[in-house]
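my questions are about this predicted structure, shown below with the sequence.
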Amino acid sequence: MPELPEVESIRRSLEAHLVGRKVVRVRIERQDIVCAPSGGSHLDLLASSHIKSLRRHGKQMAIIADDRRALVIQLGMTGRMHLMPKGRHLRGSDARHCHVKWLLDDGTRLIYQDSRRFGRLTPCASVDHLEDRWSQLGPDALLARPERLRNQLVKGQRAVKAVLLDQRRIAGVGNIYADEALFGARLNPMRPLDSLSEPDRHRLVHHVRVRLRSALRHGGTTFSDHRTPDGSVGSWGSKRQVHGRRGAPCVNCAHPLSSGTVASRTTVWCDRCQA
DNA sequence: CTATGTACCTGACTGC
DNA sequence: TGCAGTCAGGTACATA
């Protein structure tokens, strides 16, 4: 379940292998994960382009070609990118649900796999279309200045967790890190946003950033699906303090953690520590 | 504006 | 061992 740290670790891994490579051939096995192109009627997925850079905003990633074309990659819940050196192949269950394959000029294959097919690939005619698209999202939770993020958490009565998950407010926070950051900031997930004080918002943004950075250092959270393209797993999962620990003792006060649905998502929190 | 609900999907897990 | 049922959650869209 890729959130920002998972996507960023994938981006870095792909950047190291893809920049400077030329796409020789693209094979689309399933058309339904490819979205209508932004800014062009029949764009392919970077066929015969040279790859110039890889960018990320929130949970979205983009491959940028030197002809200014771009390909947006949203991994959804179970999307993975595999990098297979020449001669090596995916085996067993990893060989299933491979929807798009790119052959590169050094013989490497890049493979987009997504068992649940919540992910999407969107071709953009130019980086301008990419910028347009990303301007609809809030500031990136890791790249933006904390002050800017705090300002995104000012107006409204929605539950603070619902706002954290809203990618138009802040881009990159998903269910796991939302729960973890709210626990760190000692804020109840159901608190209406405009009941937060300035120090509350300060703590919340601080904890969002701390958790995301910490997870990134550890290669992301792994407890089911996440892999970097070279197949390694993230190790941050064991540092979770609330997510997936319903009923287990709070790490602060040992009171059993509560759970329920907030913003139509499974949510875990401590009744005693999070007011 | 906000809040809620549903659809999209498959794999992992639980209980019988 | 099998099989039905439940759960997981990112995103888009419809509904109230």
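Yes, it's here. All values derive from a computational prediction rather than experimental measurement.

next, the closest residue to DNA strand B within chain A: phi, psi?
Distances between chain A and DNA strand B by Cβ to the nearest atom of the strand are smallest at residue A:158, namely 2.5 Å. Any C-beta I mention is one placed from the backbone N, CA and C, and that applies to glycine too. The phi/psi pair for residue A:158 (degrees, to the nearest 10) reads phi -60, psi 160.

residue A:41: what's it in contact with?
Remark: with contacts taken as Cβ atoms under 8 Å, 6 or more residues apart in numbering, residue A:41 is in contact with nothing.

for residue A:61, same thing?
Residue A:61 touches A:7, A:10-11, A:14, A:54-55, A:72-75, counting by Cβ under 8 Å, 6+ apart.

the closest residue to it other than its chain neighbours is in what secondary structure piece?
Leaving aside its chain neighbours, residue A:61 sits nearest to residue A:73 (4.6 Å; criterion: Cβ to Cβ, 6 or more residues apart in numbering). Using DSSP states H and E, residue A:73 maps to strand A:70-74.

contact residues of the stretch 1-150 of chain A facing DNA strand C?
A:1-3, A:58-60, A:74, A:76-78, A:116, A:118 (Cβ under 7 Å from any atom of the strand).

which of those residues sits closest to residue A:47?
The nearest member of those to residue A:47, counting by Cβ to Cβ, is residue A:74 at 20.2 Å.

tell me, how many residues neighbour that closest one?
Counted with other Cβ atoms under 10 Å, residues neighbouring residue A:74 total 20.

gap between the residue of chain A closest to DNA strand B and DNA strand C?
13 Å (Cβ to the nearest atom of the strand, to the nearest Å).

okay, now that residue: neighbour count?
That count, for residue A:158 with other Cβ under 10 Å as the rule, works out to 16.

residue contacts, the nearest residue to it once chain neighbours are set aside?
Spatial nearest neighbour of residue A:158, excluding adjacent residues (Cβ to Cβ, 6+ apart): residue A:193 at 5.7 Å. Applying Cβ under 8 Å, 6+ apart to residue A:193 gives the contacts A:153-160, A:163.

same deal with residue A:164?
A:170, A:173, A:178, A:181-182, A:204, A:208.

ok, back up a step: OK, contacts around the residue of chain A closest to DNA strand B?
Here residue A:158 is in contact with A:192-193, A:263 (Cβ under 8 Å, 6+ apart).

show me which of these neighbour DNA strand B.
Subset of those in contact with DNA strand B: residue A:263, counting by Cβ under 7 Å from any atom of the strand.

okay if I get the contacts of residue A:158 as CSV plus pLDDT?
Listed next are the contacts of residue A:158 as CSV, based on pLDDT from 0 to 100:
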residue, pLDDT
A:192, 92
A:193, 92
A:263, 88
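
ranges for the helices of the stretch 101-250 of chain A?
A:127-135, A:146-151, A:160-165, A:175-184, A:198-217 (DSSP state H, counting those that start in this stretch).

got a markdown table for the ones you listed, with distance to DNA strand B and mean pLDDT too?
Below are the helices of the stretch 101-250 of chain A laid out as a markdown table (distance: least, Cβ to the nearest atom of the strand, whole Å; pLDDT from 0 to 100):
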| stretch | distance to DNA strand B | mean pLDDT |
| --- | --- | --- |
| helix A:127-135 | 17 | 92 |
| helix A:146-151 | 15 | 94 |
| helix A:160-165 | 6 | 94 |
| helix A:175-184 | 13 | 94 |
| helix A:198-217 | 16 | 94 |
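
make CSV out of the ones you listed and add distance to residue A:273.
Supplementary listing: the helices of the stretch 101-250 of chain A in CSV, determined by distance: least, Cβ to Cβ, whole Å:
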stretch, distance to residue A:273
helix A:127-135, 36
helix A:146-151, 22
helix A:160-165, 15
helix A:175-184, 7
helix A:198-217, 13
